[in-house]
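Dropping a prediction and its sequence here:
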Amino acid sequence: MINNQIQQLLADDSLIKKLVKYEPVLWLNQQYDSTIRGPLSSVHVEDAIRRLERFAPYIAKAFPETSKQKGIIESPLLTLFNMKEKHVNVKGDLLLKADNELPISGSIKARGGIYEVLKHAEHLALSEGILNLTDDYSKLFNQQAFFSQYSIAVGSTGNLGLSIGIMGAKLGFRVYVHMSSEAKKWKKELLKQKGVQVIEHTSDFSAAVAEGRRQAESDPTMYFIDDEHSEHLFLGYAVAAFRLKKQLEEKQISISQEYPLFVYLPCGVGGGPGGITFGLKQVFGEHVHCFFAEPTHAPAMLLGLRTGLHEKISVQDIGIELKTEADGLAVGRPSQLVGHMLEKAISGVYTVSDRELYEMMHFLKNEEGIFLEPSALAGFLGPKKILQSMYSEQVGITNMSKVTHLVWGTGGSMVPDEIQQQYLHLAKKAGE
């Protein structure tokens, strides 16, 4: 049945024909209405916020780089004046949520990945009576022997593995990271240095996740973190939206019907942008509009939403070769959780070429002195695409000059200097 549908789509759908040719496209959600389906609500996000606050004393002790923020893992919100004037060309503010500067693992995955490790650690410690909810959680700093009885497995293209590996190993867990063929060598090496077991696969992300899942099924002491289905990862990301509200207020930026917020989120399997979109909708409701950005060679979420098939279809099914410099977004099949829950809440999805990512890398470094890895730059192509579309008419926004545009910068600070220079050399050639 699915095969017949795919053949029909390839024959009849003009947008999917462009996807197959690797042409950058924009898909606007004709069902858009801010509706979120599923059992999760702001109550669950608030529970996650409290859990992270309980762990803050431990985080501050285990990772001294977080001590100034008292163990709260958060990134700055930056205003980009030069990028706005020279390369993005929007009337309202252009902001960067600099998750590339998140402490511990230097990417958006420090939100969801670290949160789920902490939640599991708390569950074990409470169950075994070595922790009470009212305790100072810094006492867990000396519990490596306890946690070493347990293990954690995850499948990753790179950054999620880094966040889970670094946090899990610090606590004392035995951590196994199944890395897909797209994963960068330096990320594998860094994990090994942290004492993490890296299992390399010649297959793609979905296969690496499946292998991690199989490994955990055969070991009762192993906990599997499932990037395709996990509500805990999702909620860890959602926390960011509640903190963003305060950061916007500090910049005296109010979000309302007259002054809406457009957010541009790089998307791989969809857990990170999905969780953040969920959180943003809890905080700002219909006044926030979230757009996902994917590589032309990995438009998994776009394909799932466009066809309504979600996780039942992969980009490989329509003949797309999963090959991109945006390793963090190199995913062929979208998250089942995100696709179904946010089917109507995502405003649109667009695709970008590797060349466009490198151009933006060059511009951002030149104009603002900021380095982001390729995956993290996909958001910068969004404002122009949306301004040139019919989206404002679709949702009834009459004055686009009052829109605040926020690009989510998802990673980059952990990239070794030598690799950064290689990236910037390619970026300079693309930007000339």
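In hand now; what should we look at?

Doesn't residue 27 belong to a strand?
Yes. Counting by DSSP: H, G, I helix; E, B strand; the rest coil, residue 27 is found in a strand.

What does the pLDDT read for it?
Listed pLDDT for residue 27 reads 98.

Any idea what it is bridged to?
Beta bridges link residue 27 to residue 349, judged by DSSP bridges.

Contacts only, for residue 270.
292, 300-301, 334-335, 338-339 (CB atoms under 8 Å, 6 or more residues apart in numbering). In short, each C-beta sits where N, CA and C put it, glycine included.

In ChimeraX, how would I select just the buried ones from these?
One line in ChimeraX is enough to select the buried ones among these; burial here means 16 or more other CB atoms under 10 Å:
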select :292,300,301,334,335,338,339
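
Of the contacts of residue 270, which belong to helices?
300-301, 338-339 (DSSP state H).

Could you work out the most separated pair of those?
Spanning the widest gap among these are 300 and 338, at 10.5 Å by CB to CB.

Between the two, which contacts overlap?
269-270.

okay, now residue 70: neighbour count?
Neighbourhood size, residue 70 [other CB atoms under 10 Å]: 11.

most centrally placed residue in this protein?
residue 272 (3.1 Å; CA atoms, centre = their mean).

I'd guessed that residue sits against residue 108; true?
Yes. Counting by CB atoms under 8 Å, residue 108 is a contact partner of residue 272 at 4.9 Å.

Pull up the overlap in contacts between those two.
237, 410.

quick one: residue 4 and residue 13, what's the gap?
14 Å (CB to CB, to the nearest Å).

Which one of the two is surrounded by more residues?
Between residue 4 and residue 13, residue 13 has the larger neighbour count (other CB under 10 Å), namely 15 against 8.

Let me know the pLDDT of that one.
Residue 13 is given a pLDDT of 91.

Equivalent analysis for residue 408, please.
At residue 408, pLDDT is 99.

quick one: the strands in the stretch 201-350 of the chain?
With DSSP state E, counting those that start in this stretch applied, the stretch 201-350 of the chain shows strands at 222-225, 261-266, 288-295, 348-352, listed in chain order.

Buried deepest among those, which one?
strand 288-295 (a mean of 29; mean count of other CB atoms under 10 Å).

residues in contact with the residue nearest to the centre of the chain?
Counted by CB under 8 Å, 6+ apart, residue 272 has contacts 108-109, 111-112, 237, 265-266, 410.

ok, 7 Å please
Residue 272 sits next to 108-109, 112, 237, 410 when contact means CB atoms under 7 Å, 6 or more residues apart in numbering.

ok, now residue 246?
Per CB under 7 Å, 6+ apart, neighbours of residue 246: none.

On the pLDDT front, check it for me.
Residue 246 carries a pLDDT value of 98.

ok, so what distance separates it from residue 357?
30 Å.

Domain map for the chain?
2-40+72-103+238-431, 60-66+106-231 (automatic domain parsing).

Need the distance between the two termini of the first one.
In domain 2-40+72-103+238-431, first residue to last residue: 41 Å (CA to CA, to the nearest Å).

the strands in the stretch 1-150 of the chain, which residues?
Under DSSP E, counting those that start in this stretch, the stretch 1-150 of the chain gives strands at 26-28, 77-79, 94-98.

between those, which gets nearest to residue 119?
Per CB to CB, nearest to residue 119 of the strands of the stretch 1-150 of the chain: strand 94-98, 23.2 Å.

From the contact counts, what lies against that closest one?
strand 77-79, strand 404-409 (3 or more CB pairs under 7 Å, 6 or more residues apart in numbering; DSSP states H and E).

For the shortest one, name the packing helices and strands.
Judged by 3+ CB pairs under 7 Å, 6+ apart, the packing partners of strand 77-79 are strand 94-98.

can you check the longest one too?
Contacts of strand 404-409 with other secondary structure elements, assessed using 3+ CB pairs under 7 Å, 6+ apart, are made with strand 94-98, strand 261-266.

what angle sits between the first one and strand 404-409?
Taking axes from the mean of the first three to the mean of the last three CA atoms, to 10 degrees, one finds that strand 94-98 is oriented at 30 degrees with respect to strand 404-409.

Okay, now the sheet partners of strand 94-98, with direction.
Using DSSP bridges, strand 94-98 pairs in its sheet with strand 77-79 (antiparallel), strand 404-409 (parallel).

most tightly surrounded among the ones you listed?
Of all the strands paired with strand 94-98, as judged by average neighbours under mean count of other CB under 10 Å, the leader is strand 404-409 with a mean of 26.

Please compute how far it lies from its chain's middle.
With CA atoms, centre = their mean, to the nearest Å as the basis, strand 404-409 stands 13 Å off its chain's centre.
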